[in-house]
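# Quick one: sequence plus predicted model below, questions after.
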Amino acid sequence: MKTVLITGANKGIGFETARQLAQQGNFVYIGSRDMTNGQKAADTLKAAGITNVAAVQIDVTDIASIRSAKETLSAQSGVLDVLINNSGIAGEQPQQLADGSMENLRNLFETNFFGAVQTTQLLLPLLRLSAAPAIINVSSEVGSLAMHSAPDRRTNWNSYSAYGATKTALNAFTVMLANELRAQNITVNSVTPGYTATDLNAFSGFKTVEEGARPIVQLALSSDRTITGKFFQDGGEVLW
């Protein structure tokens, strides 16, 4: 059994990831910025017979909140096997980089990038106590520079330019942190759920949350310690 923390897990892909991992016998902390929402999510799973879950308040943009969550995990579990940096916001529209709001861009980076970095930094001591620690950064294909650079790139991705830039930065964090932690046997990978129907995109995605969570769950349960510094989607790797 693994002990897992998923940020932003009270709804959407995060909640479904929590459900699938807990169903497979792992203990899952449902991280939520609002504790009431997190507790409702945990209660929903418990009502369905999935009792190996607990809510924890964690706002990835608030250092004090992350420290408090760390203290809770330390007191209750003493170790963290898998950290899934799932918290993210889509930002406001329009968000093209040529003329988009700098305030919107900063807000996006604060949650999607800096939030993941500082959450990881503060929880690394608990991960180092695990026999097989893993960090999973939930990214997006709109963060792939290779896909944006392809001749047949999707022009409608321009609507997600600012959001995509935060995911590109998150992918860079994945590669560089993987290199830093390789000798410590801590794996670090990015994964994209794909275009999944959640409130992040007003439920316009073509994948279900069950499908979107699948590659995250597979990576979280992987026992292959050589897989690190990679970018995955359902079915294989994604070009950076």
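On my side now, so go ahead.
# what distance separates the start and the end of stretch 110-120?
End-to-end distance for stretch 110-120: 14 Å, by CA to CA, to the nearest Å.
# Give me the buried positions along that stretch.
111, 112, 113, 114, 115, 116, 117, 119, 120 (16 or more other CB atoms under 10 Å). In this view, the C-beta of every residue, glycine as well, is placed from N, C-alpha and C.
# Ramachandran coordinates for the first one?
It refers to residue 111. Backbone torsions for residue 111, taken as degrees, to the nearest 10, come to phi -90, psi -50.
# That one and residue 8, how far apart?
9 Å (CB to CB, to the nearest Å).
# what number of residues lie near the nearest residue to residue 142 once chain neighbours are set aside?
Of all residues beyond its chain neighbours, the one nearest residue 142 is residue 164 (3.8 Å), with distances taken as CB to CB, 6 or more residues apart in numbering. For residue 164, the neighbour count with other CB atoms under 10 Å is 24.
# My reading is that residue 83 is in a strand; is that accurate?
Yes. Per DSSP: H, G, I helix; E, B strand; the rest coil, residue 83 lies within a strand segment.
# Now do the same contact list for it.
If a contact means CB atoms under 8 Å, 6 or more residues apart in numbering, then residue 83 has 4, 5, 119, 120, 123, 127, 134, 135, 136 as its contacts.
# rerun at 7 Å
Applying CB atoms under 7 Å, 6 or more residues apart in numbering to residue 83 gives the contacts 5, 120, 123, 127, 135.
# swap in residue 182?
Counting by CB under 7 Å, 6+ apart, residue 182 touches residue 228.
# list the helices and strands the helix or strand containing residue 38 packs on?
Counting by DSSP states H and E, the element that carries residue 38 is helix 35-47. Contacts defined by 3 or more CB pairs under 7 Å, 6 or more residues apart in numbering; DSSP states H and E place helix 35-47 against helix 12-23, strand 27-32, strand 53-57.
# After the longest helix anywhere in the chain, which helix or strand is next? Please name it.
In the chain, taking DSSP state H as the definition, the longest helix is helix 161-181. Proceeding N to C from helix 161-181, the next assigned helix or strand is strand 187-191, under DSSP H and E.
# Need the CA coordinates for that next one. PDB is fine.
The C-alpha atoms that make up strand 187-191 are tabulated as PDB, following Å, rounded to 0.1, in the frame of the first residue of the first chain:
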ATOM      1  CA  THR A 187      11.300   9.500  -9.600                       C
ATOM      2  CA  VAL A 188       9.800  12.700 -11.200                       C
ATOM      3  CA  ASN A 189       7.600  12.600 -14.200                       C
ATOM      4  CA  SER A 190       5.000  14.700 -16.100                       C
ATOM      5  CA  VAL A 191       1.700  13.200 -17.300                       C
END
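# about what we covered before: including mean neighbour count and distance to residue 160, could the helices and strands packed on helix 35-47 go into TSV?
Compiled in TSV, the helices and strands packed on helix 35-47 are given as follows (neighbours: other CB atoms under 10 Å; distance: least, CB to CB, whole Å):
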stretch	mean neighbour count	distance to residue 160
helix 12-23	24	16
strand 27-32	27	24
strand 53-57	21	29
